[in-house]
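1. Got a predicted structure plus its sequence, pasted below:
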Amino acid sequence: MPSYRVTMAIGALAAGVPADSVLPAATAAARELAVVGAADVQGISGQARVV
């Protein structure tokens, strides 16, 4: 079975959105389209991204 990595750039958070809610929300959104084996936040080229 093929394995794929999805990377999402994190933009500015809306007012009142806690930073620690980004990873769970992004993971839940990805689960609507695919099986998610793991999730992590990384800094890539000075930008926060969910991988």
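-> That came in fine, so what should we check first?

2. wait, is Arg49 part of a helix?
-> No. Arg49 is assigned strand when assessed by DSSP: H, G, I helix; E, B strand; the rest coil, not a helix.

3. What pairs with the helix or strand of the chain with the lowest mean pLDDT, parallel or antiparallel?
-> The helix or strand of the chain with the poorest confidence is strand 47-50; it has a mean of 81 (mean pLDDT, DSSP states H and E). Here strand 47-50 is paired, per DSSP bridges, with strand 8-9 (antiparallel), strand 41-44 (antiparallel).

4. Low-confidence ranges, this structure, go.
-> Applying pLDDT under 70 to the chain flags no residue at all.

5. and the most centrally placed residue in it, how far is that from Met1?
-> Here the mean C-alpha position of the chain is nearest to the C-alpha of Val50 (C-alpha atoms, centre = their mean), at a distance of 3.0 Å. The gap separating Val50 from Met1 is 23 Å, by C-beta to C-beta, to the nearest Å. Any C-beta I mention is one placed from the backbone N, CA and C, and that applies to glycine too.
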